[in-house]
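Colleague: Below: sequence and its predicted model.
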Amino acid sequence: MLEIKNLHARIAEDGTEIIRGLNLTVKAGEVAAIMGPNGSGKSTLSYVLAGREDYEVTEGEILYNGESILEMDPAERAASGIFLAFQYPMEIPGVATMEFLKVAMNAQRKARGEEPLTIPEFLKRVKAAAGTLDMDMAMLKRPLNVGFSGGEKKRAEILQMKLLQPKLCVLDETDSGLDIDALKIVADGVNALRSPDRAIVVITHYQRLLEHIVPDTVHVLYKGQVIKSGDKSLAMELEANGYAGIIEEAA
Amino acid sequence: MPAVQETIDQVRKIDVDQYKYGFETEIEMDKAPKGLNEDIIRLISAKKDEPEWMLEWRLGAFRRWMTLEEPKWARVQYPEIDFQDIHYYAAPKSTPGPTSLDEVDPELLRTYEKLGIPLREQEILAGVQKPAASELEEANDNVYKSGRVAVDAVFDSVSVVTTFKKELAQAGVIFCSISEAIREHPELVKKYLGSVVPTTDNYYATLNSAVFTDGSFVFVPKGVRCPMELSTYFRINEKGTGQFERTLIIAEEGSYVSYLEGCTAPQRDENQLHAAVVELIALDDAEIKYSTVQNWYPGDAEGKGGIYNFVTKRGDCRGDRSKISWTQVETGSAITWKYPSCILRGDDSQGEFYSIAVSNGYQQIDSGTKMIHLGKNTTSRVISKGIAAGFSQNTYRGQISAHRKATNARNFTNCDSLLIGDQCGAHTVPYIEAKNSTAQFEHEATTSKISEDQKFYVMQRGIPEEEAIALIVNGFVKDVIQELPMEFAVEAQKLIGISLEGSVG
């Protein structure tokens, strides 16, 4: 589903190279965890996948279902099924969460040539999805993310993911700022989305989240490259021994 | 400099084709020759079949105007206006005061149809679009309960038709063109015209007093709640003309009226002048709600053409516990110079000003309000949202004052500006003056840019760039949109979206 080949990317403004020859393949149905120490390029990778303009791809290729997405803008990538759950979701003052969900869902439907959802159908879907995440409808009338707690913001991200039904989900440090109860709810939400035709990329710093979202593959990112890949036992090894050993081994 | 070129290209896109009301109606016109002198004023007065006192009033204003100089303090720049190069009167030939819709030139009816203004009463009855359920939830107005809006259509210098007059008359409400009111209700006009904006008020108001050609007149008698929304739709069509309309709204004791105003004009290379005066009078316990969606032609991408909009709007809360509320959405005009104000004369009276001013291309907006607190326990509230894109300049200018006797006057002002791109400017010029030590004035102001973070976040959900900007902007102006009557709110949101198209660089 996702194939990243020799990817090089830098910050557009000052030319600092962050991703330096990264290779990664994620298959449909797979949950891949990307781990790595601070500054290894984890968040940058998520932004580059989603098409953020502040980063320039200077070399390499990102193939999604066999086709390059480098020329697509963020909205086109989203409509094609790529979703990024943000580490720090943005506040959108004055735009009710409900309204935002409707605009987003219908924009994606439009891009796929589908009719907009009827209001009852929309409400039905939102109620169902919000229920599983333990979110009440009153919260959805508030402006998106404005005054939401850390946990509420992350839940709102997962809610959007559930409703938009993406094919490639990228979760950037979704566990940060969550207490254990919220973590459980969010993880359950993600697990419910596991399916043979969907790939999930979980970017995380700690093993903790991976106890709840058990990955099929684990990749260690360091200085903008994947230096080691393995199965879930790799995550446990990291938890026990830290990154130092693996970094040394790769060097 | 590819980024700069891209911006230029995109700003260029907001050119003429984005303004969908830019068409021109082919209709035979009766025009006064160009120029301004006492003979022209006599001609206008004669065309309107006005009484002698009205002509004298006009001539007095004209003589005064000759002694005045154009104000230069606003933050707007434009080449000098040649006041002798304007037609001060232009009217469709076929309409010497039609008494019913059947007598109105079908070409005019088609024009208003194209503009989306239904003039046929039965169409209004049958065809009001019901808003979607979620929008209804947010609607705080009851327009759709009555489902009808009475319209006064002003085409260049004359009112072509006013709908629902009979039904309004049954409630005792007078809604007609000002020309008709001068003929039919001289006692009311004499008593109130110029009592809020005197003929000596300012350069453009004085000019208007001399040459105003039409506009709307509303009188809501004691204790009457006007049974429907009233609206006037102004259309400038003829080349080389100015539009000088005059609106007078009187709400007697305990009455209520909500009034809407809309305006458009064809696309032309030349600049056309629009200098209106609006006077509102609210007596004891009366309430007037005045909403405007101003969408005059803004000029093309190079800043050529467009309407010069120099308008004096003022409301007088003359009675105790009266209330006047201005809501405006300004998206059009090359230049906007406009400060809808409230004189809070009655004790416990309230004034409100809610404004959204959107500028793009080379538009210049200098707009705001004045809240003059004279009575005791008077309160006012000002919420202004300015959005600047392209190469435009957007200024909020406001004056809040409490006079000596205005014990416990209170004002809250909030002005927020949003910048899109880095070639535009937003400015806030507040004047605050309290001569009474018990006055409490609060002023809040912010200026922000749509952040790349926000835009990226919204686009990541599949919302295309321009829609993403429109969504963020609509969120930004939400406080004001909520104040608009339902049907205007939906229209205004769309309009803001259109006005900002191509503004993303």
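Modeller: Right, received. Where do you want to start?
Colleague: Report how many residues lie close to residue 214.
Modeller: By default, I'm working from chain A. Counted with other C-beta atoms under 10 Å in any protein chain shown, the neighbours of A:Val214 add up to 13. (Each C-beta comes from the backbone N, C-alpha and C, glycine too.)
Colleague: right idea, wrong chain: chain B
Modeller: Residues lying near B:Asp214 (other C-beta under 10 Å) number 27.
Colleague: Quick check: which element contains B:Trp489?
Modeller: Trp isn't right for residue B:489; it's Ala. Assigned by DSSP states H and E, B:Ala489 belongs to helix B:486-499.
Colleague: Which neighbouring elements make contact with that helix?
Modeller: Under the contact criterion of 3 or more C-beta pairs under 8 Å, 6 or more residues apart in numbering or on different chains; DSSP states H and E, helix B:486-499 touches helix B:143-146, strand B:287-294, strand B:323-330, strand B:350-359, helix B:465-476, helix B:478-481.
Colleague: could you dump these to CSV with distance to chain A?
Modeller: Shown next, in CSV, are those (distance: least, C-beta to the nearest C-beta, whole Å):
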stretch, distance to chain A
helix B:143-146, 16
strand B:287-294, 19
strand B:323-330, 15
strand B:350-359, 12
helix B:465-476, 3
helix B:478-481, 4
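Colleague: would CSV of these with mean neighbour count be doable?
Modeller: Formatted as CSV, the helices and strands packed on helix B:486-499 follow (neighbours: other C-beta atoms under 10 Å in any protein chain shown):
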stretch, mean neighbour count
helix B:143-146, 14
strand B:287-294, 23
strand B:323-330, 26
strand B:350-359, 27
helix B:465-476, 22
helix B:478-481, 20
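Colleague: Dump these to a markdown table, plus distance to A:Pro89 and mean pLDDT.
Modeller: Output for those, formatted as a markdown table (distance: least, C-beta to C-beta, whole Å; pLDDT from 0 to 100):
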| stretch | distance to A:Pro89 | mean pLDDT |
| --- | --- | --- |
| helix B:143-146 | 36 | 34 |
| strand B:287-294 | 34 | 90 |
| strand B:323-330 | 30 | 92 |
| strand B:350-359 | 27 | 91 |
| helix B:465-476 | 14 | 87 |
| helix B:478-481 | 19 | 82 |
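Colleague: Looking at the spatially closest residue to B:Tyr78 that is not a sequence neighbour now. What's its pLDDT?
Modeller: Leaving aside its chain neighbours, B:Tyr78 sits nearest to B:Ile335 (5.6 Å; criterion: C-beta to C-beta, 6 or more residues apart in numbering or on different chains). Note on B:Ile335: pLDDT of 86.
Colleague: Next one: B:Ile335 from chain A, what distance?
Modeller: 28 Å (C-beta to the nearest C-beta, to the nearest Å).
Colleague: Can you give me the neighbour number for that residue?
Modeller: B:Ile335, neighbours per other C-beta under 10 Å, totals 26.
Colleague: Likewise for the one 3 residues further on?
Modeller: Residues near B:Lys338, counting by other C-beta under 10 Å, number 27.
Colleague: same question, A:Gly245
Modeller: A count of nearby residues for A:Gly245, using other C-beta under 10 Å, gives 12.
Colleague: The closest residue to B:Ser448 other than its chain neighbours bridge partners, please.
Modeller: Spatial nearest neighbour of B:Ser448, chain neighbours left out: B:Leu418 (5.8 Å); criterion: C-beta to C-beta, 6+ apart. Per DSSP bridges, the residues bridged to B:Leu418 are B:Ile387, B:Ser448.
Colleague: How about B:Phe234?
Modeller: On the basis of DSSP bridges, B:Phe234 is bridged to B:Val154, B:Cys263.
Colleague: what's the distance between it and chain A?
Modeller: Taken as C-beta to the nearest C-beta, the span from B:Phe234 to chain A is 30 Å.
Colleague: didn't that residue look like it was pressed against B:Glu245?
Modeller: Yes. Contact criterion C-beta atoms under 8 Å: B:Phe234 and B:Glu245 qualify, at 6.2 Å.
Colleague: In contact with the residue nearest to B:Tyr78, which residues?
Modeller: Shown in contact with B:Ile335 (C-beta atoms under 8 Å, 6 or more residues apart in numbering or on different chains): B:76, B:78, B:306-310, B:363-366.
Colleague: just the buried members of those?
Modeller: By neighbour count, with 16 or more other C-beta atoms under 10 Å in any protein chain shown, the contacts of B:Ile335 hold B:76, B:306-310, B:363-366 as buried.
Colleague: before we move on, back to that, which of the helices and strands packed on helix B:486-499 sits closest to B:Lys191?
Modeller: strand B:287-294 (16.9 Å; C-beta to C-beta).
Colleague: now that closest one, how far from the centre of its chain.
Modeller: Chain-centre distance of strand B:287-294: 8 Å, with C-alpha atoms, centre = their mean, to the nearest Å.
Colleague: Please apply the same query to stretch B:364-377.
Modeller: For stretch B:364-377, the distance to the chain centre is 16 Å (C-alpha atoms, centre = their mean).
Colleague: Stretch B:49-58 now?
Modeller: On the basis of C-alpha atoms, centre = their mean, stretch B:49-58 sits 26 Å off its chain's mean C-alpha point.
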